[in-house]
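# Got a sequence here, can you model it:
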Amino acid sequence: MLDTLPNATDVRSAALRIEGKAYKTPLLEVPLLNEHLGFRLLVKPETLQRTGSFKFRGAYNRISRIPEDQQQGGVVAFSSGNHAQGVAAAAQIHDLPALIVMPSDTPEIKIANTRAYGAEIVFYDRFGEDREAIAEKLVAEKKATLVRPFDDPMIIAGQGTVGLEMAQQARALDTTLDAVLSPCGGGGLVGGSALALASESPQTEVYAVEPEDFDDTARSMVAGERLSIEPGATSFCDALLSPEPGRLTLQINSRLLSGGLTVSDKAVTQAMQIAFRYLKLVVEPGGAVALAALLSGQYDGRGKTVGIILSGGNVDEEVFRKALET
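Down below sits the predicted model:
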């Protein structure tokens, strides 16, 4: 079951499952931002989602489907922060213990919020230790359920509700999205959204946006196989530093995406500034990459209606302050 590719029906099922638990975030349009860009932009602000990112959608969909006889050991997850918060919050709703394997350099806000939802944290060195191996060991010890950050059909389907809502909301505005740009780490958000959009709005092109040097999904789609990032690669987009795409997500994205785009940290910083100025939103670095792709000319939206996902807003105050001052 966990190695079966999800489909649009699974996304619609997830939408029903999370209804009343996850927020249906708005699709925003700001005329001044359209004027700044030179085309129509519709923005999906998952910064306003429960736990501050889209990750709650998939986490709730997955955890809500754990059979009762498998719930006693709770859940284990590995995450750079946003999935951790989503899992912790969803587990708390279901009254299940949560144990999170998290990088030692995770932003403090993500650590504090994860603990606030009642989860226990085990730290690891993202550059020297295998987070999946640590998590698998904990699963065996606790007899827990592993809630993967992206390579799980129920997680992908849950994240795909973002794209499903975008298609429905655009239709309500009597418009069609020519393209949707989505942040991409492991590929669950963009892959799930692509599943929904292929069904609900088949003329919409979908693009993955990654930080420079963490373009493993873009390179893997071109190569036709899973490729990892180069050792020593760095970026301040902490939410998108997955070392390689998922097995399931790459299959979906290779089939449905129109391409992959990359952005620099400098472009991301500018996007954080623009989001704050025009949208009055606090967006974390990884959450701003789709907007960065538009601002830096990686995608030409002239004459089109473009949708972007701002995937999260969990950024430390000092990091955000420096971004605004740069």
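# how about low-confidence regions in the stretch 201-326 of the chain?
For the stretch 201-326 of the chain, no stretch is flagged by pLDDT under 70.
# where do the helices sit along it?
216-223, 247-256, 265-274, 289-295, 317-325 (DSSP state H, counting those that start in this stretch).
# Can you tell me, leaving aside adjacent residues, what's nearest to G312?
Distances taken as CB to CB, 6 or more residues apart in numbering put S53 closest to G312, at 3.2 Å, once the chain neighbours are dropped. (Each C-beta comes from the backbone N, C-alpha and C, glycine too.)
# picking that back up, can you tell me which of the helices of the stretch 201-326 of the chain is most buried?
helix 289-295 (a mean of 28; mean count of other CB atoms under 10 Å).
# contacting residues for the most centrally placed residue in the chain?
By CA atoms, centre = their mean, the mean C-alpha position of the chain lies nearest to L189, the distance being 4.8 Å. Counting by CB atoms under 8 Å, 6 or more residues apart in numbering, L189 touches F54, F150, Q159, V162, S182, P183, I309, S311.
# That one belongs to a helix?
Yes: under DSSP: H, G, I helix; E, B strand; the rest coil, L189 sits within a helix.
# Can you read off the pLDDT for it?
pLDDT for L189: 99.
# measure it to N253 for me?
11 Å (CB to CB, to the nearest Å).
# S228 now?
From S228 to N253 the distance is 16 Å (CB to CB).
# How about E35?
For E35, the distance to N253 - CB to CB - is 33 Å.
# ranges for the helices of the stretch 51-200 of the chain?
Going by DSSP H, counting those that start in this stretch, the stretch 51-200 of the chain shows helices at 55-63, 82-93, 108-116, 131-142, 153-159, 161-172, 188-200.
# Take those helices and lay them out in a markdown table including distance to C237.
Listed next are these as a markdown table, based on distance: least, CB to CB, whole Å:
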| stretch | distance to C237 |
| --- | --- |
| helix 55-63 | 15 |
| helix 82-93 | 12 |
| helix 108-116 | 13 |
| helix 131-142 | 18 |
| helix 153-159 | 18 |
| helix 161-172 | 18 |
| helix 188-200 | 14 |
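# Identify whichever of the ones you listed lies nearest to N7.
Set against N7 and scored by CB to CB, the helices of the stretch 51-200 of the chain come closest in helix 188-200, at 6.3 Å.
# Any idea how far the closest one is from the middle of the chain?
12 Å (CA atoms, centre = their mean, to the nearest Å).
# Columns distance to K24 on top of the helices of the stretch 201-326 of the chain, output as TSV?
Shown next, in TSV, are the helices of the stretch 201-326 of the chain (distance: least, CB to CB, whole Å):
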stretch	distance to K24
helix 216-223	27
helix 247-256	23
helix 265-274	24
helix 289-295	19
helix 317-325	26
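# Out of those helices, which gets nearest to L240?
helix 289-295 (6.8 Å).
# which helices and strands sit right next to the closest one?
strand 179-183, strand 205-211, strand 259-263, helix 265-274, strand 305-310 (3 or more CB pairs under 8 Å, 6 or more residues apart in numbering; DSSP states H and E).
# In its sheet, which strands sit next to the first one, and in what direction?
Yep, that's strand 179-183 we're talking about. strand 205-211 (parallel), strand 305-310 (parallel) (DSSP bridges).
# rewinding a little: I'd like to know which of the helices of the stretch 201-326 of the chain lies nearest to L27.
So among these, helix 289-295 is nearest, using CB to CB, at 13.8 Å.
# For that closest one, give me every contacting residue.
The set of residues external to helix 289-295 that reach it, using CB under 8 Å, 6+ apart, is 37, 41, 43, 181-184, 207, 209-211, 237, 240, 261, 263-264, 267-268, 270-271, 274-275, 283, 298-299, 301, 306, 308-311.
# what's the answer for stretch 22-36, then?
Identification of contacts with stretch 22-36 by CB under 8 Å, 6+ apart yields 40-46, 48-50, 56-57, 60, 161-162, 165-166, 169-170, 173, 274, 278-279, 307.
# Kindly write the ChimeraX command that selects the buried subset of those residues.
The following ChimeraX command selects only the buried members of the contacts of stretch 22-36, with burial defined by 16 or more other CB atoms under 10 Å:
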select :40,41,42,43,44,45,46,49,50,56,57,60,161,162,165,166,169,170,274,278,279,307
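# Spit out the contact partners of the closest residue in space to T249 that isn't next to it in sequence.
What sits nearest to T249 in space, not counting adjacent residues and going by CB to CB, 6+ apart, is G187, at 3.2 Å. Neighbouring residues of G187 by CB under 8 Å, 6+ apart: F150, A208, T217, S242, P245, G246, T249, L250, I252, N253.
# May I ask you to confirm that S80 is in contact with P103?
Yes: the pair formed by S80 and P103 meets the contact definition of CB atoms under 8 Å, at 5.7 Å.
# what do the two both touch?
Counting by CB under 8 Å, 6+ apart, the common neighbours of S80 and P103 are R126, D238.
# which phi and psi does the nearest residue to T305 once chain neighbours are set aside have?
In this structure, T305 finds its nearest non-sequential neighbour in R40, 4.5 Å apart by CB to CB, 6+ apart. Torsion angles at R40 (phi, psi; degrees, to the nearest 10) stand at phi -80, psi 130.
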